[in-house]
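K.L.:
Generate a structure from the sequence data that follows.
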Amino acid sequence: MEYRTPNLPRLNYCYRPEKMINFANTKIEMTAEQILKEIEALPKLERDRLVRRMRESADIPQDFIDALDDFNQQRFVSIETALNETPPTA
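P.N.:
Okay, the predicted model is just below:
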């Protein structure tokens, strides 16, 4: 198969379009803990902006959005604590 070189600057051209497509379809796996650490590392204004955008998106399940809101408000415990300790009375 012959690829025509478009009249574009070199940085915008991919000589192997199939590689570009494969890169776009690369599945990146992250655990929930890794995602939360990434979010926690953001400045507060960026976290607030992220939560706002997620609330507006129909693709994200509401329980995930609620969990992020709880995380942003620091209403969480480790899984070890949740499994091994009796919760305080409300």
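K.L.:
Can you tell me what sits against the longest helix seen in the chain?
P.N.:
When the chain is scanned for its longest helix (criterion: DSSP state H), the result is helix 44-56. The contact list for helix 44-56, computed with C-beta atoms under 8 Å, 6 or more residues apart in numbering, reads 39, 40, 42, 60, 64, 65, 68, 69, 72. Any C-beta I mention is one placed from the backbone N, CA and C, and that applies to glycine too.
K.L.:
Contacts only, for the second one.
P.N.:
In this case it means residue 40. Shown in contact with residue 40 (C-beta under 8 Å, 6+ apart): 47, 71.
K.L.:
got a pLDDT number for it?
P.N.:
pLDDT, residue 40: 86.
K.L.:
now the contacts of helix 44-56: which count as buried?
P.N.:
68, 72 (16 or more other C-beta atoms under 10 Å).
K.L.:
Of all pairs in the contacts of helix 44-56, which one is the farthest apart?
P.N.:
40 and 60 (18.2 Å; C-beta to C-beta).
K.L.:
Helices along this protein, start to end?
P.N.:
Under DSSP H, the chain gives helices at 17-24, 32-40, 44-56, 62-72, 79-84.
K.L.:
For these, which has the smallest mean pLDDT value?
P.N.:
helix 17-24 (a mean of 58).
K.L.:
that older thread, list the buried ones in the longest helix of the chain?
P.N.:
Across helix 44-56, burial judged by 16+ other C-beta under 10 Å covers 47, 51.
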